[in-house]
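*Asks:* quick one, what's the 3D model for this:
(chains A and B)
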Amino acid sequence: MSMLRLLAEGLLGPALTEAPPSSGELIELGAELAMAARRRLGRSLSIRQVDAGSCNGCELEIQALGNAYYDLERFGLRFVASPRHADVLLVTGPVTFNMQEALERTYAATPAPKWVVAAGACAIGSGPFTGGYACVGAVSNVLPVDLRIPGCPPTPTLLLLGLVSLLA
Amino acid sequence: MTWSALKVDAEGWRDAIEALADGRRTLVGLWGEPGVVHMATSGGGEGVIVELACPSGAFPSVGARHAPAIRLERALADLTGLVPEGAADARPWLDHGRWSVRHPLGAAEPSSGPAPYAFLPAEGESLHQIPVGPVHAGVIEPGHFRFTAAGETVVRLEARLGYAHRGLEGLMAGVDLGRAATLAGRASGDSTVAYQIAFARAAEAALGIDPPQRAHWLRALMAELERLANHLGDIGAICNDAAFVLMHAHCGVLREQVLRAADAAFGHRLMMDRIAPGGVAVDLEPAGEAAIRRLVGLIRARFPLIVDLYDDTASLQDRTVGTGIVRPELAARFGAGGHVGRASGRGFDARKAFCYPPYDSLAFDTPTREEGDVNARVWIRIEEVRQSLGLVEQILDRLPASPTHMAVPMGRGEGAALVEGFRGDVFVWVGLAAGRVERAALRDPSWFQWPLLEAAIEGNIVADFPLCNKSFNCSYAGVDL
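*Replies:* Here you go, the predicted structure:
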């Protein structure tokens, strides 16, 4: 009974999904990159997420992109299970030495053309894990980074804004 | 229950090991610093931390007699270079040979580079191995799982973790309390509130101070919101791993509403950096209180429908009932906390055992079940959602008026705290001097849950691993630090 009721409410009730974010002032994105991505990929983008040593806060907010409010897939963006299927690597964390090789191999396994997005303060290089013996630091120390999404963690709105800008 | 510290000799250390091995006490933590090892245990209404000086660089192995200590001991040896004498498993744990140094928290020496890692063997006809990770198929944390399977059936699973090792305890050494609190709040992002409360309480115990009442109550309010957000997310995600997406969609909506209410009330969706030694960083304003009350009303209205959906769907129950069983004696021996322990009959709850404020004056139950399967872990979470709703209402109704923060003196001392996070009890120990952290040790509940996942999956099919894994939802970052 509860299944029928929930399905009926879902079909007949108002949509929970919110309007796409519009202002991009927080994202410093080269127009060139957006054009290139659009030219090569059209309106669809496959994303492989790589946690390179995050505290898992970024993963929580990236997962939230799939919920009914943000509904990532309506923009043609989707998470894929293998780097072989990916156009974009979405990397979080301060890149630990223990994850460096796995990150490099994931990048190598991603077919060109490919883009790297560094999400969150750690991945950008401004997180609390700078210094010490265990972290390489910013993703840009390991891979060429095309887009940076700030925040600790970035909010789903900001993540969406950044990812959609790749297709804008 | 409070913590007392005790310096022991080798004989006293061995007595402490025997008390763990014969089940009189439960292991809470095991950590080292140059020339010293510490072991925290609980039982009989008291928490005890024994400290053994080991000038020779070695100490009697705890893991040799008490398996739950094995990985903690391997991590301790990697970080400090202290040698557990008689240990059955001498393989490294956190040190993958990728750092420039060995023993970074002890007598550091140049690393000799990566060495092959020997997984535990499984022998028999027609066995095959499946290596998975550290990069996984979903949006999850990094770790390696080595399955040995006979056809579809898992014969042995061994996890290899440490990929998310950021050197957090090393970074905490020598920094001021504010920066240390920031780092503690990033041990495991999903438990940021629990870790920041545990760190704050440990530091306050070290300094002999007690923050204002309102701070205690606001901390608990944040802790229960964190529990609600995680449990709601997990209930949906477990069902999603059984390919039942409708539950995931509805639970995701409720989880999002919890995070939005937390943002409205405390200014951050995950409530990071809202708690520090001495109190809390933000007060609850009337608008925030109203947002949380609306949230409670929403969940009370919607959650019963979602629970009915879970309970009424036979095809879903077919996947969760009888899958991934943890036997109660194993949960007790490992001192497994949270939903993993409670689904297997272990009712330990740090909020009750240590009676820290304001839980000493709030009414709530700690649910337990005996079956120990995925279904039981789902029902524990469902019941805990109900309990947390009641706690949130009690806190809002009785929130005392007082300042939210007090000045923190520049004292010297050691302190410990055990705090109930959504996944189980989080333990933090700190040594402070002149307003700085000299040494900190953080122990995630997952230390005592990961090994049980390996036991739970045995005899199940490989395809049920994601389901079992999500029903545990252990932290990688919290264990790797």
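*Asks:* just the buried residues of stretch B:40-57, please?
*Replies:* Using 16 or more other Cβ atoms under 10 Å in any protein chain shown as the test for burial, stretch B:40-57 gives B:40, B:41, B:42, B:43, B:47, B:48, B:49, B:50, B:51, B:52, B:54. (Each C-beta comes from the backbone N, C-alpha and C, glycine too.)
*Asks:* please enumerate the strands of chain A.
*Replies:* A:45-51, A:77-79, A:88-92, A:115-119, A:147-149 (DSSP state E).
*Asks:* right, so the ones you listed: which one is the most enclosed?
*Replies:* strand A:88-92 (a mean of 28; mean count of other Cβ atoms under 10 Å in any protein chain shown).
*Asks:* residue B:416 falls within a strand, correct?
*Replies:* Yes. Assessed by DSSP: H, G, I helix; E, B strand; the rest coil, residue B:416 belongs to a strand.
*Asks:* hmm, back to that, now the strands of chain A as TSV including mean pLDDT and distance to chain B?
*Replies:* Output for those, formatted as TSV (pLDDT from 0 to 100; distance: least, Cβ to the nearest Cβ, whole Å):
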stretch	mean pLDDT	distance to chain B
strand A:45-51	94	5
strand A:77-79	91	6
strand A:88-92	96	9
strand A:115-119	95	11
strand A:147-149	93	15
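*Asks:* how close does residue B:47 get to chain A?
*Replies:* To chain A, residue B:47 is 27 Å away according to Cβ to the nearest Cβ, to the nearest Å.
*Asks:* let me see the ranges of the helices in chain A.
*Replies:* A:2-12, A:31-41, A:57-64, A:97-109, A:121-124, A:156-165 (DSSP state H).
*Asks:* quick one on the thing from earlier: which one of the strands of chain A lies nearest to residue B:471?
*Replies:* If you check each of those against residue B:471 by Cβ to Cβ, strand A:45-51 wins as the nearest, at 20.5 Å.
*Asks:* list the contacts for residue A:106?
*Replies:* By Cβ atoms under 8 Å, 6 or more residues apart in numbering or on different chains, the contact list for residue A:106 reads A:48, A:50, A:83, A:89, B:135.
*Asks:* got those as JSON lines, with distance to residue B:142 columns?
*Replies:* Shown next, in JSON lines, are the contacts of residue A:106 (distance: Cβ to Cβ, whole Å):
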{"residue": "A:48", "distance to residue B:142": "13"}
{"residue": "A:50", "distance to residue B:142": "8"}
{"residue": "A:83", "distance to residue B:142": "14"}
{"residue": "A:89", "distance to residue B:142": "14"}
{"residue": "B:135", "distance to residue B:142": "6"}
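*Asks:* what's the closest of the residues you listed to residue B:406?
*Replies:* Using Cβ to Cβ, these come closest to residue B:406 at residue A:50, 42.7 Å.
*Asks:* ok, residue B:88 touching residue B:73?
*Replies:* No. Counting by Cβ atoms under 8 Å, residue B:88 sits too far from residue B:73 to count as a contact (10.1 Å).
*Asks:* could you say which helix or strand holds the residue in the stretch 301-450 of chain B that chain A sits nearest to?
*Replies:* Taking Cβ to the nearest Cβ, chain A has its nearest neighbour within the stretch 301-450 of chain B at residue B:308, 3.8 Å off. Using DSSP states H and E, residue B:308 falls within helix B:286-312.
*Asks:* show me which residues of that helix are buried.
*Replies:* Under 16+ other Cβ under 10 Å, the buried positions of helix B:286-312 are B:288, B:291, B:292, B:295, B:296, B:299, B:302, B:303, B:306, B:307, B:309, B:310.
*Asks:* how much space between residue B:112 and chain A?
*Replies:* On the measure of Cβ to the nearest Cβ, residue B:112 and chain A end up 14 Å apart.
*Asks:* so is the closest residue to that residue other than its chain neighbours in a helix, a strand, or just coil?
*Replies:* Setting aside the residues directly before and after it, residue B:112 is nearest to residue B:97 in space (Cβ to Cβ, 6 or more residues apart in numbering or on different chains), at 7.1 Å. With three-state DSSP as the basis, residue B:97 sits in coil.
*Asks:* wouldn't residue B:97 be in contact with residue B:111 here?
*Replies:* Yes. Between residue B:97 and residue B:111 there is a contact at 6.1 Å, judged by Cβ under 8 Å.
*Asks:* who has more neighbours out of the two?
*Replies:* Counted by other Cβ atoms under 10 Å in any protein chain shown, residue B:97 and residue B:111 do not tie: residue B:111 has more neighbours, with 18 against 15.
*Asks:* centre of the chain to stretch A:144-152, how far?
*Replies:* Centroid separation for stretch A:144-152 versus its chain: 9 Å, with Cα atoms, centre = their mean, to the nearest Å.
*Asks:* contacts only, for the residue of the stretch 301-450 of chain B closest to chain A.
*Replies:* A:1, A:2 are the contacts of residue B:308 under Cβ under 8 Å, 6+ apart.
*Asks:* how close does it get to residue B:403?
*Replies:* The gap separating residue B:308 from residue B:403 is 45 Å, by Cβ to Cβ, to the nearest Å.
*Asks:* next one: residue B:302
*Replies:* 37 Å.
*Asks:* now the residue nearest to residue B:16 when sequence neighbours are not counted, which residues is it bridged with?
*Replies:* In this structure, residue B:16 finds its nearest non-sequential neighbour in residue B:50, 5.0 Å apart by Cβ to Cβ, 6+ apart. On the basis of DSSP bridges, residue B:50 is bridged to residue B:6, residue B:39.
*Asks:* in chain B, what residue lies closest to chain A?
*Replies:* For chain B, Cβ to the nearest Cβ, closest residue to chain A: residue B:189, 2.7 Å.
*Asks:* pretty sure that residue sits against residue A:61.
*Replies:* No. Contact between residue B:189 and residue A:61 fails when scored by Cβ under 8 Å: they sit 9.1 Å apart.
*Asks:* which stretches of the stretch 1-150 of chain B form strands?
*Replies:* For the stretch 1-150 of chain B, applying DSSP state E, counting those that start in this stretch gives strands covering B:3-8, B:26-33, B:36-43, B:46-53, B:58-60, B:83-85, B:101-102, B:109-110, B:127-132, B:144-150.
*Asks:* can you tell me what sits against the fifth one?
*Replies:* Contacts of strand B:58-60 with the rest of the structure, by Cβ under 8 Å, 6+ apart, involve B:10, B:13, B:14, B:17, B:37, B:52, B:82, B:83, B:84, B:85, B:86.
*Asks:* need those in CSV (columns: pLDDT).
*Replies:* Output for those, formatted as CSV (pLDDT from 0 to 100):
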residue, pLDDT
B:10, 94
B:13, 97
B:14, 96
B:17, 97
B:37, 97
B:52, 97
B:82, 97
B:83, 96
B:84, 97
B:85, 96
B:86, 96
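*Asks:* can you tell me which of those are buried?
*Replies:* B:13, B:17, B:37, B:52, B:82, B:83, B:84.
*Asks:* now these in JSON lines, with distance to residue B:107?
*Replies:* Below are the buried ones among the contacts of strand B:58-60 laid out as JSON lines (distance: Cβ to Cβ, whole Å):
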{"residue": "B:13", "distance to residue B:107": "21"}
{"residue": "B:17", "distance to residue B:107": "25"}
{"residue": "B:37", "distance to residue B:107": "15"}
{"residue": "B:52", "distance to residue B:107": "18"}
{"residue": "B:82", "distance to residue B:107": "10"}
{"residue": "B:83", "distance to residue B:107": "12"}
{"residue": "B:84", "distance to residue B:107": "16"}
